[in-house]
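K.L.:
compute the structure for the input listed below.
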Amino acid sequence: MVHLFVDNLTILDFSYFDQKRGILGESWQVNLTLGGELDAQGMIFDFGHVKKQVKQLIDAQVDHRLLLATRKLRPTTENLEDGRTRLQWKNKLGNYEHIAPSEAVVLIDVDHINEENVATYLEALLREVLPANVKEIRVELSQELIEGAWYHYSHGLKKHLGNCQRIVHGHRSRLEIYKNHKRDAELEDLWAARFRDIYIGTREDVQRRFEIDGKAHIEFAYTGSQGKFELVMPSSQVYLIDSDSTVELIAEHIAQKCQKSDPDNHFLVKAYEGIGKGAIAVRQP
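P.N.:
Residues are numbered from 1 along each chain as shown. Presented below is the predicted three-dimensional model:
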């Protein structure tokens, strides 16, 4: 049997729910290996089709979506007349409600969302669409190796015309902060700790604040081109900013806060949005 491989086929930026930690933003690199018999062209599967057909399927299933493992979580699910889906669940942190167009979420019948379980889920879907000569399918999902500060964050961008408008999607991102042109590990660790396992929300999207079983909760809602999005979650997992939460504005926010606390120094913030992309903001005396 012959194999072909495609490393770094795509990058998946999404959010998922962890029973202990709550909603987490994540970024995974995707490697693909296909094994099988050669076709009339002397190929297992045309690389052009891999980069289009297979990539599109993987992206559509995971990228910019909220993933829920249903086997243990058992969320209540209601399909609404307007084409949206209401999901409700809870953990020790509090209660959660996600109401959005059905394409914004994917439910997977596993105990936990992790690289192995999601890879198995994707492999099963690929078996249904790849030609019969493809006998083996291996999807490898992995986090970026990051030396230094990084954080998980989730958000939604209501003004975005694409899938970034989905109210819960996220990233696992590195962070670099330079004070007077030198990296400041202490500041990086401080901001990474503030943003780890966090939902970065926009104040104007807040609909109400209330308590459930003595725990503070917050409700967000907005309407984008794909429809109306709503989210309820524990306030303890939320960091509010005055602007939208694009990576450009996140970098600006961090730089402004650093400069406000230490106005006599020069700051440069390099904030990543997942893997290999991001924004730079500068503040100086």
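K.L.:
put the alpha carbons of the one helix or strand K72 maps to into PDB.
P.N.:
In this assignment (DSSP states H and E), K72 forms part of helix 70-73. Coordinates of the C-alpha atoms in helix 70-73 are reproduced here as PDB (Å, rounded to 0.1, in the frame of the first residue of the first chain):
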ATOM      1  CA  THR A  70     -22.500  15.200  24.300                       C
ATOM      2  CA  ARG A  71     -21.900  11.800  25.900                       C
ATOM      3  CA  LYS A  72     -21.300  13.200  29.400                       C
ATOM      4  CA  LEU A  73     -22.500  16.800  29.100                       C
END
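K.L.:
which residues does it contact?
P.N.:
Residues outside helix 70-73 that contact it (C-beta atoms under 8 Å, 6 or more residues apart in numbering): 17, 19, 89, 107-112. All C-beta spots, glycine's among them, are computed from the backbone N, C-alpha and C.
K.L.:
out of the residues you listed, which is nearest to K159?
P.N.:
F17 (25.6 Å; C-beta to C-beta).
K.L.:
for that closest one, give me the backbone phi and psi.
P.N.:
phi -110, psi 130 (degrees, to the nearest 10).
K.L.:
from L4, how far out is it?
P.N.:
With the distance defined as C-beta to C-beta, to the nearest Å, F17 ends up 35 Å from L4.
K.L.:
same drill for the two, tell me which one is more crowded.
P.N.:
F17 (22 against 16; other C-beta atoms under 10 Å).
K.L.:
the more buried one and L68 touch, don't they?
P.N.:
Yes - at 5.4 Å, F17 counts as touching L68 under the criterion of C-beta atoms under 8 Å.
K.L.:
need the residues touching each of the two.
P.N.:
In contact with both F17 and L68: 89, 113, using C-beta under 8 Å, 6+ apart.
K.L.:
show me where the stretch 1-150 of the chain has its helices.
P.N.:
47-49, 55-62, 70-73, 115-127 (DSSP state H, counting those that start in this stretch).
K.L.:
can you list those helices in a markdown table and add distance to E219?
P.N.:
Output for those, formatted as a markdown table (distance: least, C-beta to C-beta, whole Å):
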| stretch | distance to E219 |
| --- | --- |
| helix 47-49 | 44 |
| helix 55-62 | 26 |
| helix 70-73 | 21 |
| helix 115-127 | 29 |
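K.L.:
if we compare the ones you listed, which one ends up closest to D242?
P.N.:
helix 55-62 (31.0 Å).
K.L.:
report the buried residues of stretch 207-226.
P.N.:
Within stretch 207-226, the residues that count as buried by 16 or more other C-beta atoms under 10 Å are 217-218, 220-222, 224, 226.
K.L.:
cool, stretch 166-184 as well?
P.N.:
166-179, 184.
K.L.:
nearest to R203, of those residues?
P.N.:
The shortest gap between R203 and any of these belongs to I167, at 15.0 Å (C-beta to C-beta).
K.L.:
quick check, that closest one in a strand?
P.N.:
No - I167 is assigned coil when assessed by DSSP: H, G, I helix; E, B strand; the rest coil, not a strand.
K.L.:
surely it touches A104?
P.N.:
Yes - I167 is within contact range of A104, at 7.2 Å (criterion: C-beta under 8 Å).
K.L.:
so for these two, which residues contact both of them?
P.N.:
Common neighbours of I167 and A104 (C-beta under 8 Å, 6+ apart) are 98, 229.
K.L.:
what ranges does the stretch 101-250 of the chain have for its strands?
P.N.:
105-108, 134-142, 150-155, 169-179, 182-183, 198-202, 206-212, 215-224, 227-234, 238-241 (DSSP state E, counting those that start in this stretch).
K.L.:
those: lowest mean pLDDT?
P.N.:
Lowest mean pLDDT within the strands of the stretch 101-250 of the chain: strand 134-142, a mean of 94.
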